[in-house]
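Novice: would you be able to build a 3D model of this:
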Amino acid sequence: MKTDSNTLRKRDFALYKTHFQDEDRETWRDHSDTFEERTAARVRSTTKPIDVWASDRELVDLARRRADLMIDWVCALREPLTLTTINGWLEGLEAAPMEYKGQHSPQSHEKQLQAMVKRLGCELYWRRQLRRAQVRKREAQEQAKGNICARVMPYCHDVTDARHKQRQAANRAMLEGTEIESADGEIITLWDAVQASTANKAIRRGELMTRIRGCEEWADKAGMVGIFTTNTLPSRFHASLFGGGKNPNFDGSTPRDGQGWLSKTWARARAKINRQKIKVFGFRVAEPHHDGCPHWHMLLWVSASQVQQLAAVLRDCWLQHEGDEYGAQEYRFKAVAIDKAKGGAIAYVAKYIAKNIDDCGAVEDEGHEDHYMGQKELLTQAKAQRVTAWASAWGIRQFQPVGQPPVTVWRELRRIDAGMAAGGSKRLQRAHAAVHKGEDKGADWCAYMTEQGGAMTGRGYQLHIEFDHETTEGRYGLVEVARPAGVFDVARPGELCTSTRKQWKPKGSWTPSERHAVKVGSFAEVASVSLYFEPTWTRFNNCTHPAPKVRRRDENTYQLLTHGGSKTLPLRYSGKKPEKKSHVSSLAIGPSDQP
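Specialist: Residues are numbered from 1 along each chain as shown. Below you'll find the model as predicted:
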């Protein structure tokens, strides 16, 4: 049979097409396998355990990749996302678990889940998680190896100390290079603002000393006596022996685990103290042993008739676990009476405060000493900087008051003008005078405690802070922010002495209308003005604010005198606050303005 040329061409084309389709199919299969392998490799590199020696640049890159991976995982879900699923992912990636906060309702949980998803896809969130996980993992490994000890690296690893210094230096450079401006044209750097707060180590130490001295004065007037205790942990929390070498009893516990043990033991002791009706107040200081294992020093005041009872309760609680091990009975818990002839409470705790803050005073010359089970050793490399790095790495709170009035009210009273305080209650006036220095007197914590109703009152103190609640747009969604507005006396709940706060913005970002609103306006005026125009959509305030439930605020004497008794500028309000639709309405004001 003869085949024409046209038929041959069709056959050749069919063979050609089939051949290349097969080749293309194989090529696509190869590319598909390569893509899947690359995807799997990317997931493995992103989810592998954190390298404790990785540089910060490597952690930043890993944070970006993990944020992208979380977005992929969330999008690939074929079932509703739950908190259990999220925490399962976080546990596998060595990150801290999340939890619901506040109200437990389906609506609240749904909003919080949305915020959690935004965190999972945020590179900055993963930077924090990775840095925290890396430093704690490295510290735990080096501690288990015996490298963190008195004769090698006391308190923490050298890398942790060096990176903490670098971070502090970088933060300071940023703060010194950032200028902010107030509505009246005052310009300062953020570093100046930090140095004027308790973030300044000298101010922090001075405030602690003032509070301790005031507590001792109040206790003396109340006929109470002081004891100084040392509270340590069982030997299983210590990775290294005091004289060197690994501790055979060490069970792998971290300093954070040790701090948790101390806190739980103190909680049990407090419950027993309350059942026995023992009245006690004071301070506790957490600091590290040479190997990073924490211990506490407590400065407590108690009635003279209950000293032995308090010491017995604390001793029983601290010896409840592993109380029969070697040295526990003698060294686990020790309490000594404060001897006035040796300088009182300040003399007992001054060096511990200095060791944990800035090595001020004699500590700078004498250095750091570590005491353990009757032994003493000078830590030549130890400085307050290493203690700070240790506390930062493990998230350990160094100083904690016990049974005292809140220091937040003390600090808020310092923001209230004398004229404003003069219109408040007699109690508030005396407390205001106590927190301020005079020409011939310093700040008086003892007088402040007296006006607050004394120590050991729980939440029954007499002066409280009033807060203004505002809903703002945060990085992960809407958040409700409570801003201090002033202080009021519970005996006169309708009166509020407003505190003075300047509103600060980045230098050069103020508009003339905003300056005018802050200088001559008030919150009420600005809010009323905002009703007449619709503001532009800005990052400052992207939503209206719900009207919070507030107390009635009646005018005090100072406010009536300042405005001549006129009600044209209402300084108090009742019922609902007007909606703050403009970002201008959220600006802070001075003492003569309105809340």
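
Novice: in the stretch 401-550 of the chain, which spans are strands?
Specialist: 463-474, 477-489, 497-498, 504-506 (DSSP state E, counting those that start in this stretch).

Novice: same for the first one, what does it pack against?
Specialist: Counting by 3 or more C-beta pairs under 8 Å, 6 or more residues apart in numbering; DSSP states H and E, the packing neighbours recorded for strand 463-474 are helix 407-413, helix 426-435, strand 477-489. Using the backbone N, CA and C atoms, a C-beta is placed for each residue, glycine as well.

Novice: other SSEs contacting the helix or strand hosting Ala162?
Specialist: Using DSSP states H and E, Ala162 maps to helix 158-176. Counting contacts by 3+ C-beta pairs under 8 Å, 6+ apart, helix 158-176 is packed against helix 123-145, helix 190-195, helix 384-394.

Novice: now for the second one, which elements pack on it?
Specialist: Translated: helix 190-195. Counting contacts by 3+ C-beta pairs under 8 Å, 6+ apart, helix 190-195 is packed against helix 158-176, strand 179-182.

Novice: go again using 6 Å as the cut-off
Specialist: Applying 3 or more C-beta pairs under 6 Å, 6 or more residues apart in numbering; DSSP states H and E, one finds that helix 190-195 contacts helix 158-176.

Novice: any idea of the mean pLDDT in the helix it packs on?
Specialist: Throughout helix 158-176, pLDDT has a mean value of 94.

Novice: tell me how far it lies from the chain's centre.
Specialist: Distance of helix 158-176 from its chain centroid, counting by C-alpha atoms, centre = their mean, to the nearest Å, is 18 Å.

Novice: how much does it deviate in direction from helix 123-145?
Specialist: If you take axes from the mean of the first three to the mean of the last three C-alpha atoms, to 10 degrees, helix 158-176 sits at 150 degrees to helix 123-145.

Novice: show me which residues of helix 158-176 are buried.
Specialist: Under the neighbour-count criterion of 16 or more other C-beta atoms under 10 Å, helix 158-176 has Thr160, Asp161, Arg163, His164 buried.

Novice: with distance to Val313 added, can I get those residues in JSON lines?
Specialist: Shown next, in JSON lines, are those (distance: C-beta to C-beta, whole Å):
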{"residue": "Thr160", "distance to Val313": "37"}
{"residue": "Asp161", "distance to Val313": "38"}
{"residue": "Arg163", "distance to Val313": "42"}
{"residue": "His164", "distance to Val313": "38"}
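
Novice: which residues touch the residue nearest to Ile227 when sequence neighbours are not counted?
Specialist: Using C-beta to C-beta, 6 or more residues apart in numbering and skipping residues adjacent in sequence, the residue nearest Ile227 is Ala335, 5.1 Å away. Residues in contact with Ala335 (C-beta atoms under 6 Å, 6 or more residues apart in numbering) are Ile227, Thr229, Ala311.

Novice: reformat the helices and strands packed on strand 463-474 as CSV; add mean pLDDT, mean neighbour count and distance to Phe467.
Specialist: Below are the helices and strands packed on strand 463-474 laid out as CSV (pLDDT from 0 to 100; neighbours: other C-beta atoms under 10 Å; distance: least, C-beta to C-beta, whole Å):
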stretch, mean pLDDT, mean neighbour count, distance to Phe467
helix 407-413, 95, 19, 10
helix 426-435, 95, 20, 17
strand 477-489, 90, 17, 4
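
Novice: closest to Arg78 out of the ones you listed?
Specialist: Of all the helices and strands packed on strand 463-474, strand 477-489 sits nearest to Arg78, with 24.8 Å by C-beta to C-beta.

Novice: pairing partners for the closest one, with directions?
Specialist: Its sheet considered, strand 477-489 pairs with strand 463-474 (antiparallel), strand 497-498 (antiparallel) by DSSP bridges.

Novice: output the below-cut-off pLDDT ranges for the stretch 151-300 of the chain.
Specialist: Filtered on pLDDT under 70, the stretch 151-300 of the chain yields no residues whatsoever.

Novice: same thing but at 80, please
Specialist: 242-244 (pLDDT under 80).

Novice: and the helices in it, which stretches?
Specialist: 158-176, 190-195, 201-221, 255-275 (DSSP state H, counting those that start in this stretch).

Novice: among the ones you listed, which is nearest Ala239?
Specialist: Comparing the helices of the stretch 151-300 of the chain by C-beta to C-beta, helix 255-275 comes nearest, at 9.6 Å.

Novice: next, the angle helix 123-145 makes with the closest one.
Specialist: 90 degrees.

Novice: can you list the neighbours in contact with helix 255-275?
Specialist: For helix 255-275, using C-beta under 6 Å, 6+ apart, the contacting residues are Leu233, Phe237, Gly292, Cys293, Pro294, Trp296, Val313, Leu314, Cys317, Trp394, Ile396.

Novice: counting neighbours, which of these comes out on top?
Specialist: Gly292 (29 neighbours; other C-beta atoms under 10 Å).

Novice: and for Gly323, the neighbour number?
Specialist: By other C-beta under 10 Å, the residues close to Gly323 number 14.

Novice: my bad, Pro248
Specialist: 7.

Novice: any idea how far Trp261 is from it?
Specialist: 20 Å (C-beta to C-beta, to the nearest Å).

Novice: with Tyr448 instead?
Specialist: Counting by C-beta to C-beta - Tyr448 and Trp261 are separated by 34 Å.

Novice: what about those two, which has more around it?
Specialist: The neighbour comparison of Tyr448 against Trp261 (other C-beta under 10 Å) goes to Tyr448, with 26 against 17.

Novice: who's in contact with the nearest residue to that one once chain neighbours are set aside?
Specialist: Nearest non-adjacent residue to Tyr448, counting by C-beta to C-beta, 6+ apart: Ala434, 4.4 Å away. Contacts for Ala434 were tallied using C-beta under 6 Å, 6+ apart; they are Asp444, Ala447, Tyr448.
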